[in-house]
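**Q** okay, structure incoming, though there's no sequence with it:
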Ligand code: ADP
């Protein structure tokens, strides 16, 4: 089974022709609510594909938190790690202009209660996993603690360093089995430029030289650069007409974990995840754009 440790957010999205200036009130033209948070997104992707998923996350003590719990139940995610927090829910206020530009303001709230001691209280979820997925919407100290425990139990970890955090300690990065930054996050971790593929390889090589086992740099419509101690290989993206790429990285992580834990090679799991993430960008929204295994089979794949 797959254990995902991380954030959940309730998304409140407002669509507007233009954003208000300071002191101004503007009428938007549409609004939607939805489920998000990088941890939760990855869990939903894996669960929709049919994986046995535990999500360790702290939900808020409010209406949004109750909606989150229902959403996990609806998607067959195990409930042992869904913790009731004492604070309000993590929320993301999203403003989308008609040009497509978006601005997102995230307030973590209950997610800050996911501490190292809470991890200790749920060690079984780490011990019994085939793979652990981490992102960076919870405290770095919590992620470090998970990486240490996973090492003790010999469970591989996949760390998606999103959103970028300049404080991320490279000594922990090199301990994970899969590190999956996009090019911006790779620049943040290495302090090196990542403008083109040659730059990205050079930056990536510093992590490989420091002992990292697998680096998967996600490159949007270009695909994924996979580097390990022996080779560097660009695995092209699946060609689709993208309408909304939010949550593509999370779709990639969740579907990679699903296929890898089914016994696929790393190469095959990257190809599968490229396909799943590509399908997710052909629809608006984050979790609502993640297909189930059945829907995936029915989709027109070129
Ligand atoms: P992030 O959301 O973390 O920035 P990326 O934008 O790199 O991540 O996207 C993650 C993965 O999603 C890519 O590696 C690719 O497989 C897929 N993807 C993203 N955008 C597209 C696109 N326009 N066309 C096809 N696949 C895409």
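**A** It's in. Remember, predicted model here, so these are calculated numbers, not experimental data. Numbering: from 1, shown residues only.

**Q** C-alpha from now on. contacts and neighbour counts both.
**A** Will do.

**Q** how about the residue nearest to residue 206 when sequence neighbours are not counted, what does it touch?
**A** Once flanking residues are discounted, residue 206 sits nearest to residue 190: 7.5 Å by CA to CA, 6 or more residues apart in numbering. Residue 190 is in contact with 203, 206, 207, counting by CA atoms under 8 Å, 6 or more residues apart in numbering.

**Q** tell me the one of those nearest residue 147?
**A** residue 207 (16.9 Å; CA to CA).

**Q** so which helix or strand takes in residue 239?
**A** Element membership for residue 239, per DSSP states H and E: none, as it lies in no helix or strand.

**Q** give me the phi and psi for it.
**A** Dihedral pair for residue 239: phi -70, psi 120, per degrees, to the nearest 10.

**Q** for it, give its distance to residue 275.
**A** 9 Å (CA to CA, to the nearest Å).

**Q** ditto for residue 155
**A** Noted for residue 155: a distance of 26 Å to residue 275, by CA to CA.

**Q** quick one, which of these two is more surrounded?
**A** In this view residue 155 and residue 275 are compared by other CA atoms under 10 Å, and residue 275 has more residues nearby, 22 against 18.

**Q** enumerate the residues of the chain near the ligand.
**A** Selection of the chain residues close to the ligand by CA under 6 Å from any ligand atom yields 182, 218-221, 223-224, 237-240, 242, 245-249, 252, 274, 277-278.

**Q** show me the helices in the stretch 201-302 of the chain, by range?
**A** For the stretch 201-302 of the chain, the helices defined by DSSP state H, counting those that start in this stretch cover 248-261, 266-280, 293-298.

**Q** least reliable of these by average pLDDT, please.
**A** In terms of average pLDDT, helix 293-298 trails the rest of those, at a mean of 86.

**Q** flag every buried residue along that helix.
**A** residue 296 (16 or more other CA atoms under 10 Å).

**Q** next one: stretch 223-239
**A** Quick answer for stretch 223-239 (16+ other CA under 10 Å): 223, 224, 225, 226, 227, 228, 232, 234, 235, 236, 237, 238.

**Q** dump those residues into TSV; add pLDDT and distance to residue 265 as well.
**A** Listed next are the buried residues of stretch 223-239 as TSV, based on pLDDT from 0 to 100; distance: CA to CA, whole Å:
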residue	pLDDT	distance to residue 265
223	97	17
224	98	15
225	98	16
226	98	13
227	98	14
228	98	14
232	97	16
234	98	16
235	98	14
236	97	17
237	96	18
238	94	18
